[in-house]
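>>> model this:
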Amino acid sequence: MNGYEAMFLGFFTILIRTGTAMMVLPGFSAVQVPMQMRLFIALAVSISVFAMLDAWEGFAAYRGEVTPVMLVQLILTEAFIGLALALPVRLLFLALGFAGETITQFIGVNPIPGTPIGDDQPSTTLSAMLNVTAVVLFFASGAHLSFIFALAISFTAFPPGEMLSLPALTQSLAEDLSAFFNIVLRLSAPIIIYSVIMNLVSGLVNKLTPQIPIYFVSAPFLIFGGLFILMWVGDDMLYLFNVEVNRLMDAVL
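Modelled structure (predicted):
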């Protein structure tokens, strides 16, 4: 394989890995982004990553002749690596949406439907608001640029044609899931603690005065108090979440 063939196959490899990552990464993979725009974004990012790398003929995958079996194997491995790089970021944002669902139920406003933003699945209004704000902070803080730089570095850490270790990847993904849900649990802890205390007090009062429908009396206080605490700590919650996103980008790097 000569230099031009290795260069063309190298750009194709970058496009496969980058396109797969863009299909999973928050913001880029939103249903509101047209498919043509996603393609142009993947091409632009692939050109940027291609400009950061050179000497494609040095990789083992480009030293021999291109065969259909080798090309199919290269496509599958690159798509798998791109998915492995972007999936933790996606799961972290899904954990934030889970926190929004949890907070909504704990403060007693779960029947309120919301407009799906970034996904075609139905969600509550609070989950949609948290997700869209987190995506804006993701781009405003430059975390997406860190991920693009991580894509360029990944070709040195995971050369084209080399398969990732599936057991190690599964263990890392399980640890990431546990860490992500611990993060969002800590972020939503003030509202959850308030809801538990309010329901505990309401239950005790209901035992003391069973003639009074305490549930209907305490529900407005639960909703108002939960929304007040959310208004009070909501900006800090999103700021700390963005800190965790940037920390994850540093870990990917």
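>>> What residues sit buried inside stretch 216-227?
By 16 or more other C-beta atoms under 10 Å, the buried positions in stretch 216-227 come out as 218, 219, 222, 225, 226, 227. (Glycine included, C-beta is placed from N, CA and C.)
>>> what number of residues lie near residue 151?
By the measure other C-beta atoms under 10 Å, the count of residues near residue 151 is 24.
>>> Which helix or strand contains it?
Here residue 151 sits within helix 143-157, counting by DSSP states H and E.
>>> what comes into contact with that helix?
In this structure, residues lying in contact with helix 143-157 by C-beta atoms under 8 Å, 6 or more residues apart in numbering are 13-14, 17-18, 21, 25, 27-28, 45, 48-49, 52-53, 81-82, 85-86, 89, 138, 242, 245-246, 249-250, 252-253.
>>> Residue 84: neighbour count?
Neighbour tally, residue 84, other C-beta under 10 Å: 20.
>>> Could you tell me the per-residue confidence at it?
pLDDT recorded at residue 84 is 88.
>>> That one reaches residue 164, doesn't it?
Yes - using C-beta atoms under 8 Å, residue 84 is in contact with residue 164, at 6.0 Å.
>>> Which stretches in the stretch 151-253 of the chain count as helices?
166-187, 189-208, 214-252 (DSSP state H, counting those that start in this stretch).
>>> just checking, what packs against the longest one?
Judged by 3 or more C-beta pairs under 8 Å, 6 or more residues apart in numbering; DSSP states H and E, helix 214-252 is in contact with helix 68-106, helix 125-140, helix 143-157, helix 166-187, helix 189-208.
>>> quick one: which of those is nearest residue 237?
Closest to residue 237 of those is helix 166-187 (C-beta to C-beta; 4.7 Å).
>>> dump the residue contacts of the closest residue to residue 198 other than its chain neighbours.
Residue nearest to residue 198 in three dimensions, not counting chain neighbours: residue 222, with 5.0 Å by C-beta to C-beta, 6 or more residues apart in numbering. By C-beta under 8 Å, 6+ apart, the contact set of residue 222 is 107, 108, 195, 198, 199, 202.
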